[in-house]
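please find the sequence and the predicted model below.
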Amino acid sequence: MKPLRSILLAGLLQLTVAAGAHAQDGLAAIKSAGVFKIGTEGTYAPFTYHDASGKLTGFDVEIGRAIAERLGVKAEFVEGKWDGLIAGLDVKRYDAVINQVGITDARKAKYDFSDPYIASQAVLIVRDDNTDIKSFGDLKGKRSANTLTSNFGKLAQKYGAQVVAVQGFNESIDLLTSGRVDATINDNLSFLDFKKHKPTAKVKIVDSDKSAEFSESGVLIRQGNPELRDAINKALADIKADGTYKNISVKYFGTDLAAQ
């Protein structure tokens, strides 16, 4: 009987350890480690990018730091290319992704989102001298610079465009202004920030898509972490209530996006 009892005890111990590990997968594990690990691109101004000194900064970066502060821990950013960014959550490279991740039904089937923390819209951008493309419907057979797995890339494909793969907004604009692509679909706020810094750039917006999957973004986390989701939502509510969100928003966009 001893060997059988030992096997049973060993099995119970493994189940207990596994249950404890699962319980530590979300908020408790973050607080225990003292770090909130956040996946982000670092190449998507003004949301997540490196300033002239090389420091990681941006609207999403500051929102992430503010959330971590409300959780009572430090924010640690793990940078990666967009096309593999969400997959990094699956292998637990980080606890969340904060990178203008659109809240879509397809993503909600596999992941959980916080409440939306920003809203924008998808815009179709072409060169100033382009007279052929006036709407999304004119994209058929044209070349659009986009990250392949982004909502914007999928929208371009929906309208029959040939998607030329890029790693971020700046590369999209470079290909567009150099004439190597006909268009790019991107975030309106990113475009406005770009034009603020480069007002003479020969590009323009010709169409926009305000549907929810392109307008609302949230903090993306693994499913099965309701305590973490609730804590992030409370942190977002708190930074809006105490003026932190407004200050960050005005810094990057010149206006309080929460009031719009």
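Structure's in. What do you need?

and the closest residue to Asp90 other than its chain neighbours, how far from Leu71?
Setting aside the residues directly before and after it, Asp90 is nearest to Arg222 in space (C-beta to C-beta, 6 or more residues apart in numbering), at 7.7 Å. The way it works is simple: take the backbone N, C-alpha and C, and place the C-beta from them, glycine included. Separation of Arg222 from Leu71 (C-beta to C-beta, to the nearest Å) stands at 16 Å.

more neighbours, the two?
A direct count of neighbours by other C-beta atoms under 10 Å for Arg222 and Leu71 places Leu71 higher, at 21 against 17.

verify the stated contact: that one with Ala231.
Yes - in this structure, Leu71 is within contact of Ala231 by C-beta atoms under 8 Å, at 5.9 Å.

so what sits against both of these two?
Residues within reach of Leu71 and of Ala231 at once, by C-beta atoms under 8 Å, 6 or more residues apart in numbering, are Leu27.

partner residues bridging Asn146?
Listed beta-bridge partners, Asn146: Ala165 (assigned using DSSP bridges).

now do the contacts for it.
Taking C-beta under 8 Å, 6+ apart, one finds Phe152, Gly153, Ala156, Val163, Val164, Ala165, Val166, Ser172, Thr184, Ile185, Asn186 in contact with Asn146.

go on, Lys234?
By C-beta under 8 Å, 6+ apart, the neighbours of Lys234 are Arg70.

that one and Lys37: what is the separation?
On the measure of C-beta to C-beta, Lys234 and Lys37 end up 19 Å apart.

now do Asn247
The spacing between Asn247 and Lys37, counted by C-beta to C-beta, is 25 Å.

among these two, which residue is more densely surrounded?
Lys37 (20 against 13).

the residue lying closest to that one once chain neighbours are set aside and Thr147, how far apart?
Excluding the flanking residues, the one nearest Lys37 by C-beta to C-beta, 6+ apart is Tyr94, at 3.8 Å. Separation of Tyr94 from Thr147 (C-beta to C-beta) stands at 19 Å.

returning to that earlier point: for the residue nearest to Asp90, list each beta-bridge partner.
Beta-bridge partners of Arg222, as defined by DSSP bridges: Tyr111.

now swap in Val123 and tell me
Here Val123, judged by DSSP bridges, has bridge partners Asn186, Ser208.

give me every residue that touches Ile232.
By C-beta under 8 Å, 6+ apart, Ile232 lies in contact with Ile67, Leu71, Ala96, Ser114, Val219, Ile221.

ok, so of the residues you listed, who is nearest Val123?
Using C-beta to C-beta, Val219 is the member of these that lies nearest Val123, at 23.5 Å.

wait, that closest one sits on Ile67?
Yes - with contact defined as C-beta under 8 Å, Val219 reaches Ile67; the gap is 7.2 Å.

tell me the residues that contact both of the two, please.
Ile98, Ile232, Leu236.

let's have the residues you listed in TSV, adding pLDDT.
Shown next, in TSV, are those (pLDDT from 0 to 100):
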residue	pLDDT
Ile98	98
Ile232	98
Leu236	98
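
run through the stretch 51-200 of the chain and note the low-pLDDT ranges.
Within the stretch 51-200 of the chain, no range satisfies pLDDT under 70.

and the strands in it, which stretches?
Ranges of strands within the stretch 51-200 of the chain are 56-57, 74-79, 96-97, 111-113, 118-119, 122-127, 143-146, 162-165, 184-187, based on DSSP state E, counting those that start in this stretch.

direction included, what does the fifth one pair against?
Strands flanking strand 118-119 in the sheet, each with its direction: strand 216-217 (antiparallel) (DSSP bridges).

measure the residue positioned nearest the centre of the chain to Gly137 for me?
Relative to the mean C-alpha position of the chain, the nearest C-alpha, by C-alpha atoms, centre = their mean, is the one of Asn99, at 2.1 Å. For Asn99, the distance to Gly137 (C-beta to C-beta) stands at 29 Å.
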